[in-house]
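S.K.: Sequence first, then the predicted structure, then my questions.
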Amino acid sequence: MKRFIFLGPPGAGKGTQADFLSKKLSIEHISTGELLRQEIAAKTTSGEKARLFVESGDLVPDEIVIEILKDHISKIRGAGYILDGFPRNTAQAQSLEEHEIGVDKVILFDIDKETVIKRLSGRLYCPACKKFYHEEYRPPKEDTLCDNCHRALIRRKDDDPESIENRIRVYLEQTHPLIKYYEEQGKLEHIDANKEVDVINQELLERIGR
Ligand SMILES: [Zn+2]
């Protein structure tokens, strides 16, 4: 099994890199947010528990997230997984260990605040397809319309510069101790996420020893 955690602020390109690596190594990219949505939609026992919190606008408690993760991981047939979106703090990392959800390497996507703001503030979003475009890096074929469904693309409220700064601050506060935690275990690898996507692809493969 190859087991990774991807850490990085919003806009660091974790999702794109996780998709790349999961194809390359035939491992599963587990985005916790996405997994929760699937469980809720499928009305599984844990999904129903999670739904109560999501519907009242609360965070889903760690115990429920772990239960869902553990169950999901036990069914994985591939060669491993990448956790994306969990853990976000040291307590969550410890509870992964308590539940014997193993991690071999933690990839930290280092990125400057300015780069994040530039990337996120240019994002355009299709609410129907849940797909992101970018004014500069991934423009839609027709100006401000979704390639798939031709609806008007929107800018999400959390992508305005003030919200972005706030999200980065929250990320740094929570993640700093978590980074130390994995550093002390000797599992941490840094990636310079300011670079171009294909340069990061290569760097990622080097960091994991491929
Ligand atoms: Zn669309």
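M.R.: In hand now; what should we look at?
S.K.: Distance check, the closest residue to residue 134 other than its chain neighbours against the ion.
M.R.: Using C-beta to C-beta, 6 or more residues apart in numbering and skipping the chain neighbours, the partner closest in space to residue 134 is residue 122 (5.0 Å). In short, each C-beta sits where N, CA and C put it, glycine included. Residue 122 is 18 Å from the ion, where distance means C-beta to the ion, to the nearest Å.
S.K.: if I look at residue 122, how far off is residue 160?
M.R.: 12 Å (C-beta to C-beta, to the nearest Å).
S.K.: how about low-confidence regions in this protein?
M.R.: 210 (pLDDT under 70).
S.K.: Kindly list the main-chain dihedrals of the spatially most central residue of it?
M.R.: Residue closest to the mean C-alpha point of the chain, counted by C-alpha atoms, centre = their mean, is residue 84 at 3.8 Å. Torsion angles at residue 84 (phi, psi; degrees, to the nearest 10) stand at phi -130, psi 110.
S.K.: and if you look at residue 180?
M.R.: phi -60, psi -40.
S.K.: and it, how many neighbours?
M.R.: 12 (other C-beta atoms under 10 Å).
S.K.: and the gap between it and residue 188?
M.R.: For residue 180, the distance to residue 188 - C-beta to C-beta - is 9 Å.
S.K.: With residue 148 instead?
M.R.: Applying C-beta to C-beta to residue 148 and residue 188 gives a distance of 38 Å.
S.K.: With residue 4 instead?
M.R.: Counting by C-beta to C-beta, the gap from residue 4 to residue 188 is 11 Å.
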